[in-house]
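>>> What shape does this take:
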Amino acid sequence: MTFVRTSLLNAVAVVIKMLTLLGINKILAVYVGPAGYAALGQFQNLVQMITTFAGGSMNTGVTKYTAEYAGDSARQHRIWATAGIVSLIGACIAALLIALFSKPLARYFLSSETHYTVFYWLSCGLIFFVLNSLLLAILNGKKEVAAYVSANIIGSLLSFVIVVVLSVYFGLYGALVSLSIYQSIACVATAYICSRKSWFRFRLLVGAIDRQALLKLLQFSLMVGVSAACVPLSSMLVRNYLIGAYGIDFAGYWEALTRLSGAYLMLVTTTLSLYFLPRYSEIKSVTKLRVEVIKALFMIVPIALLGSASVYLLREWLIRLLFSSDFLPIESMVAWQVVGDTLKITSWVLGFLLWARALVIPFIVTEVIFSFGFFFATKFFSAHYGSDGVVIAYAVNYFLYLIALALFFFFWFRKHKIIEDGEGIRNV
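Numbers count the residues shown, from 1 in each chain. Below is the predicted model of the structure:
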């Protein structure tokens with residue numbers, strides 16, 4: 001499937017998801033306020049870590065090797081079965097631990113034990129949460145774009161209904177519960193869509209663990225595990241710092257600003273994941289891979305620039321529309337945020353190469369340095385520029401990340417081009 005067709009199909013899902021997110025943001029802004037946003041951000045980061053370590057860490061590997069083994073169904077099935085069994089075991093262990101330590105988790109991440117029962121909901125739905133992610137990874141790897149898009153559309157609509165209903169009737173507690181269960185409910189739709197595919201059977205998700213497949217998937221588990229630990233932990237550290245320095249309402253403003261960025265950049269990020277990760281994985285020639293990266297940059301960067309410019313120009317209107325007048329203080333922070341967003345997307349075009357080529361060590365090194373670099377940069381720039389320091393740090397951090405990736409791949413492509421040319425001469 002071509003990039004254009006993939007982007008158009010994906011755009012349908014993204015537009016629907018954006019609209020649902022806009023509706024969700026508005027509801028949350030009205031019913032939980034800036035302080036509630038800070039609590040939701042902490043909880044979302046925790047859920048991200050839990051679901052990844054419970055089995056989601058293998059999903060990127062599932063996508064990569066499903067695409068790479070496109071002509072070998074037996075090897076695909078070994079990947080799926082291995083990922084399925086490991087994910088099931090991980091989800092069961094994680095669910096038990098969450099239920100046992102619900103009160104300490106609530107005390108640490110929500111600053112109170114009042115809503116500790118939220119973690120019971122998360123525990124009950126975790127297996128389905130992980131299964132939904134695994135099925136989506138398989139659809140992505142098989143390049144079943146229409147099915148993947150359909151599953152995401154249904155998931156978006158379900159999440160909208162669940163978040164709105166629970167938030168309206170139960171406030172912050174309802175919003176937290178909705179974040180715990182919506183993907184578990186979406187699993188029903190994803191499972192049905194997969195069951196309609198002639199190449200898929202649910203029994204393919206269970207079986208003996210294949211040692212070779214496990215070793216391949218563990219590479220990605222290590223990469224995803226590092227990312228799942230570093231990125232949310234960094235966000236939590238930044239959020240806690242902002243609460244201590246400027247108050248919980250300001251932390252809520254920053255959370256709203258990151259949600260605004262996530263909404264309009266969703267088209268780019270999902271297209272990168274849906275098209276370029278499988279595409280980068282299946283290309284064997286280094287020369288063709290470099291051409292694909294250049295093509296991606298020419299397509300993605302203008303979109304990111306257009307989106308960023310639009311958000312900046314419409315910033316006051318968007319804040320009032322998506323949140324409420326209580327969130328207007330973030331207007332002064334938008335300029336640096338959209339600069340950081342553009343740099344972030346540009347760097348991700350290269351960053352997906354680290355995933356696709358299973359470059360474990362470079363990925364881990366850059367992820368650790370720049371995830372926690374954001375926290376330290378926030379403290380540094382806040383000391384000099386006040387509350388705007390967090391968005392200045394965001395832009396500077398992604399600028400340095402982009403430079404680091406560009407330098408790495410400049411030498412990586414040159415090295416592998418020499419090797420490829422040498423092999424070509426020997427084969428003549």
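
>>> Once you drop chain neighbours, what's closest to residue 183?
Leaving aside its sequence neighbours, residue 183 sits nearest to residue 129 (Cβ to Cβ, 6 or more residues apart in numbering; 4.9 Å). (C-beta placed from N, C-alpha, C; glycine too.)

>>> what packs against the strand or helix carrying that neighbour?
Assigned by DSSP states H and E, residue 129 belongs to helix 118-141. Judged by 3 or more Cβ pairs under 8 Å, 6 or more residues apart in numbering; DSSP states H and E, the packing partners of helix 118-141 are helix 33-53, helix 59-68, helix 73-100, helix 102-109, helix 145-195, helix 277-282.

>>> Give me the distance from it to the chain's centre.
14 Å (Cα atoms, centre = their mean, to the nearest Å).

>>> any idea which of the helices and strands packed on helix 118-141 is most buried?
With neighbours defined as mean count of other Cβ atoms under 10 Å, the helices and strands packed on helix 118-141 peak in mean count at helix 59-68, which reaches a mean of 25.

>>> how much does that helix deviate in direction from helix 33-53?
Calculated by axes from the mean of the first three to the mean of the last three Cα atoms, to 10 degrees, helix 59-68 forms an angle of 60 degrees with helix 33-53.

>>> Give me the contacts around helix 59-68.
The contact list for helix 59-68 (Cβ atoms under 8 Å, 6 or more residues apart in numbering) reads 75-76, 79-80, 83, 133-134, 136-138, 140-143, 213, 216-217, 219-221, 223-224, 277-279, 281-282, 355-356, 358.

>>> now the angle from that helix to helix 73-100?
Going by the same axes, to 10 degrees, helix 59-68 makes 170 degrees with helix 73-100.

>>> what mean pLDDT does helix 59-68 have?
With pLDDT averaged residue by residue, helix 59-68 scores 83.

>>> mind checking how far that helix is from the chain centre?
The answer for helix 59-68 is 16 Å, by Cα atoms, centre = their mean.

>>> mind listing the helices in the stretch 201-350 of the chain by residue range?
Assigned by DSSP state H, counting those that start in this stretch, the helices in the stretch 201-350 of the chain fall at 211-246, 248-264, 266-271, 277-282, 286-313, 315-322, 334-356.

>>> still on that earlier bit, quick one: the helix holding residue 129 to helix 145-195, angle?
Using the same axes, to 10 degrees: helix 118-141 against helix 145-195 is 120 degrees.

>>> Let's test this: mean pLDDT of helix 118-141, rounded?
On average, helix 118-141 scores 89.

>>> Put the alpha carbons of it into PDB.
The C-alpha trace of helix 118-141 is given here as PDB (Å, rounded to 0.1, in the frame of the first residue of the first chain):
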ATOM      1  CA  VAL A 118      -9.500   2.800  40.300                       C
ATOM      2  CA  PHE A 119      -6.600   0.400  40.300                       C
ATOM      3  CA  TYR A 120      -9.100  -2.500  40.700                       C
ATOM      4  CA  TRP A 121     -10.700  -1.500  37.500                       C
ATOM      5  CA  LEU A 122      -7.300  -1.300  35.800                       C
ATOM      6  CA  SER A 123      -6.400  -4.700  37.200                       C
ATOM      7  CA  CYS A 124      -9.600  -6.300  35.800                       C
ATOM      8  CA  GLY A 125      -9.200  -4.900  32.400                       C
ATOM      9  CA  LEU A 126      -5.400  -5.300  31.900                       C
ATOM     10  CA  ILE A 127      -5.500  -8.600  30.000                       C
ATOM     11  CA  PHE A 128      -7.900  -7.200  27.500                       C
ATOM     12  CA  PHE A 129      -5.900  -4.000  27.300                       C
ATOM     13  CA  VAL A 130      -2.800  -5.900  26.400                       C
ATOM     14  CA  LEU A 131      -4.700  -8.200  23.900                       C
ATOM     15  CA  ASN A 132      -6.100  -5.200  22.100                       C
ATOM     16  CA  SER A 133      -2.600  -3.800  21.600                       C
ATOM     17  CA  LEU A 134      -1.300  -7.100  20.400                       C
ATOM     18  CA  LEU A 135      -4.100  -7.600  17.800                       C
ATOM     19  CA  LEU A 136      -3.600  -4.000  16.500                       C
ATOM     20  CA  ALA A 137       0.200  -4.700  16.200                       C
ATOM     21  CA  ILE A 138      -0.600  -7.800  14.100                       C
ATOM     22  CA  LEU A 139      -3.000  -5.900  11.800                       C
ATOM     23  CA  ASN A 140      -0.300  -3.200  11.400                       C
ATOM     24  CA  GLY A 141       2.400  -5.700  10.500                       C
END
